[in-house]
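K.L.:
Dropping the sequence and predicted coords here.
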Amino acid sequence: MRFAATRVVGLALDATVLAAAYVAAHLLRFDFGPPRWGWRVAAVSFITVCAIHLIALVACGCYRIAWRRFSFGDLPRYFAATGLACAALTVIRYVTPIDSFAHLRPPYSVTLMFFVLGTLGVVLWRIAWSWLSASRVSETELLERRVRRMDSAAAVGFLRGKVVMITGAGGSIGSELVRQVAVAAPRELLLVERGENALYEIDREMRQRGTPTRLVPLMVDVNDAARMEEIFAEHRPEIVLHAAAYKHVPMVEANPKEGERNNTEATRLLAGMSRRHGVARFVLISTDKAVNPISVMGRTKRAAEQAIMALNAESAGTSFCAVRFGNVLGSSGSVVPLFREQIARRLPVTVTHPGMKRYFMTVEEAVGLVLQAASRSERAIYTLDMGEPVLILDLAEQMIRQAGYKPYVDIPIVFTGIRPGEKLFEELDISERSAYKTDMARIYITRDEIPKGG
């Protein structure tokens, strides 16, 4: 319905633009005076002229192109349509030279000027629309639910005035952690990130915002034990939010040793340092893939969870917790950026399996809940309520429609098969048999994961 409605609007806009161009062509031809056969005849002739142009635009596929996706590469299609229409009008003019057919055939000069003006008008309003629509469709629309705002009071009270370390600070989750933690006015914010450009971008963004918090950009690999030891000793972080990890399932599947080193061993390393240096709260950003894991990535994150839970059982010092959640809309490596790129290039959209389902949240929602969970006292693995899972095929179809195309007609969807390590459906069970509900909405504590005395 939406697609058909936009095309009806497009036809109406084109007819309006063509009418203006037709009037302008007559004014130019007759020195801004009325045509010698009068405006009434010109108006009648426009019915034929407009019909021919709209038919040509339809025939050349101009209404299959989303206005927001219009580019200069589409210009030949529009020139072909208006050129075809004007050629048809020229033929009509040639075979009906007598004045009794004036309502069917504008003069050659009017047809030529109308070709130039009409083409410009039809193209320019599409260019203007694409510029106005340059911003992408809001990712929250893809959830098809209301995005819930978090009560940040507990998190702000927990973070204010503290020295906070965020690892993976330049990533999708890490950078949003930086933004939301900075709002709570910690005394010092340590941005740990090994990627130079990613670290530069989040540091620059925060400084442009004028945050009063002291920012310390630290370009370091979390696996560098000697350097991380120096950082802990110098800055004495009180809260560690550990987001640095490899998250792309097929890539970790192909590089298992590196996945274990970066996801599991780095967590053990930082957790041990946190305990030795008196960190109050250590928060591991985990994943739904750690639940009954079948992928290397899931197993490395599950092992990381087990490592910090073991430390909880051994010591009453540092409080360790993990927070599990599913996919984040628009994060690096997720399907949303991939689908956007494929749609923008008018390539087939690739879905692994028609039954594939995933949980999705916006990055703002996920990080807000992570910080709420971090502010709690339990030494536990928390699971976030992410709503109902989304069928990836439905997501692909919706994104194609939002871009102004018809799924399977303008842009095909192809199924590529489940990749190694992937499940059809990730498990994120928050039912009573699997989790305890906390007094914070949407935050649950996973059963059988709380160490004795935790």
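P.N.:
Received the coordinates, thanks. Numbering: from 1, shown residues only.

K.L.:
from here on, contacts and neighbour counts on C-alpha atoms
P.N.:
Noted.

K.L.:
lowest average confidence, helix or strand, in the chain?
P.N.:
The weakest-scoring helix or strand in the chain, judged by mean pLDDT, DSSP states H and E, is helix 140-143 (a mean of 64).

K.L.:
what's the next secondary structure element after that one?
P.N.:
Heading C-terminal from helix 140-143, the first helix or strand you meet, by DSSP states H and E, is helix 153-159.

K.L.:
Is the residue nearest in space to the middle of the chain in a helix, a strand, or coil?
P.N.:
With distances taken as Cα atoms, centre = their mean, the residue of the chain nearest its centroid is Gly330 (3.2 Å). Assigned by DSSP: H, G, I helix; E, B strand; the rest coil, the conformation of Gly330 is coil.

K.L.:
Just to check, it is in contact with Leu338?
P.N.:
No: with contact defined as Cα atoms under 8 Å, Gly330 does not reach Leu338; the gap is 9.1 Å.

K.L.:
residues in contact with Phe30?
P.N.:
By Cα atoms under 8 Å, 6 or more residues apart in numbering, no residues touch Phe30.

K.L.:
likewise Arg207?
P.N.:
Per Cα under 8 Å, 6+ apart, neighbours of Arg207: none.

K.L.:
mind checking pLDDT for it?
P.N.:
Per-residue pLDDT puts Arg207 at 94.

K.L.:
Run the chain-centre distance for the helix or strand harbouring it.
P.N.:
Using DSSP H and E, Arg207 falls within helix 196-209. For helix 196-209, the gap between its own C-alpha mean and the chain's C-alpha mean amounts to 20 Å (Cα atoms, centre = their mean, to the nearest Å).

K.L.:
Quick check: buried residues in that helix?
P.N.:
Across helix 196-209, burial judged by 16 or more other Cα atoms under 10 Å covers 198-199, 202-203, 206.

K.L.:
what bits of this structure have low per-residue confidence?
P.N.:
Within the chain, the segments meeting pLDDT under 70 span 1-6, 65-69, 71, 97-105, 131-151, 315, 333, 429, 432, 448-454.

K.L.:
repeat that with 50
P.N.:
Residues of the chain meeting the criterion pLDDT under 50: 134-136, 452-454.

K.L.:
I'd like the domain boundaries of it, if you could list them.
P.N.:
What automatic domain parsing lists as the domains of the chain is 2-132, 140-446.

K.L.:
Among the buried residues of helix 196-209, which one sits closest to Thr352?
P.N.:
Of all these, the one sitting nearest Thr352 is Ala198; the distance, using Cα to Cα, is 29.4 Å.

K.L.:
Quick check, the closest one in contact with Gly170.
P.N.:
Yes: if you go by Cα under 8 Å, Ala198 and Gly170 touch, sitting 4.6 Å apart.

K.L.:
circling back: quick check: which of the domains of the chain is buried the most?
P.N.:
Mean neighbour count, computed with mean count of other Cα atoms under 10 Å, is highest for domain 140-446 among these, reaching a mean of 19.

K.L.:
Work out the gap between it and the centre of the chain.
P.N.:
Distance, stretch centre to chain centre, for domain 140-446: 15 Å (Cα atoms, centre = their mean).

K.L.:
Now do the helix or strand Val252 falls within: which elements does it pack against?
P.N.:
Secondary structure assignment for Val252, by DSSP H and E: helix 249-254. For helix 249-254, the packing partners by 3 or more Cα pairs under 8 Å, 6 or more residues apart in numbering; DSSP states H and E come out as helix 296-314.

K.L.:
Give me the longest helix you can find in this structure.
P.N.:
If you go by DSSP state H, the chain has its longest helix at helix 2-29.

K.L.:
so how far is Ala21 from Glu196?
P.N.:
Glu196 sits at a distance of 54 Å from Ala21 (criterion: Cα to Cα, to the nearest Å).

K.L.:
can you map out the helices along the stretch 351-454 of the chain?
P.N.:
363-374, 392-402 (DSSP state H, counting those that start in this stretch).

K.L.:
quick one, what contacts the closest residue to Arg77 other than its chain neighbours?
P.N.:
Nearest residue to Arg77, sequence neighbours excluded (Cα to Cα, 6 or more residues apart in numbering): Cys60, at 6.3 Å. Cys60 sits next to 77-78, 80-81 when contact means Cα under 8 Å, 6+ apart.

K.L.:
Tell me which of those fall in helices.
P.N.:
Per DSSP H, the contacts of Cys60 map to helices at 77-78, 80-81.

K.L.:
next structured bit after the helix holding Arg207?
P.N.:
strand 214-219.

K.L.:
Now do that following strand: which elements does it pack against?
P.N.:
Strand 214-219 makes packing contacts with strand 188-193, helix 196-209 when contacts are defined by 3+ Cα pairs under 8 Å, 6+ apart.

K.L.:
between the helices of the stretch 351-454 of the chain, which gets nearest to Arg64?
P.N.:
Each of those was scored for nearness to Arg64 using Cα to Cα, and the closest is helix 392-402 (11.8 Å).

K.L.:
That closest one to helix 2-29, inter-axis angle?
P.N.:
Orientation note: helix 392-402 sits at an angle of 20 degrees relative to helix 2-29 (axes from the mean of the first three to the mean of the last three Cα atoms, to 10 degrees).

K.L.:
Need the residues that contact helix 392-402.
P.N.:
For helix 392-402, the surrounding residues in contact (Cα under 8 Å, 6+ apart) are 3, 137, 142, 339-340, 343, 349, 351, 353-358, 406-407, 411, 413.

K.L.:
you'd agree Phe114 is up against Ala19?
P.N.:
No: contact criterion Cα under 8 Å: Phe114 and Ala19 do not qualify, at 9.7 Å.

K.L.:
follow-up on the earlier one: who touches the helix holding Val252?
P.N.:
Contacts of helix 249-254 with the rest of the structure, by Cα under 8 Å, 6+ apart, involve 246, 258-259, 295-298, 419-422.

K.L.:
Okay, and the beta partners of Leu284?
P.N.:
Here Leu284 sits in beta bridges with His242, Ala322, going by DSSP bridges.

K.L.:
gap between it and Ala310?
P.N.:
14 Å.

K.L.:
Please apply the same query to Ile202.
P.N.:
According to Cα to Cα, Ile202 and Ala310 sit 33 Å apart.

K.L.:
Same check on Tyr436?
P.N.:
Taking Cα to Cα, one finds Tyr436 at 20 Å from Ala310.

K.L.:
try Ile55
P.N.:
Ile55 sits 72 Å away from Ala310, going by Cα to Cα.

K.L.:
ok, which stretches of the stretch 51-200 of the chain are strands?
P.N.:
All strands of the stretch 51-200 of the chain, identified by DSSP state E, counting those that start in this stretch, fall at 163-167, 188-193.
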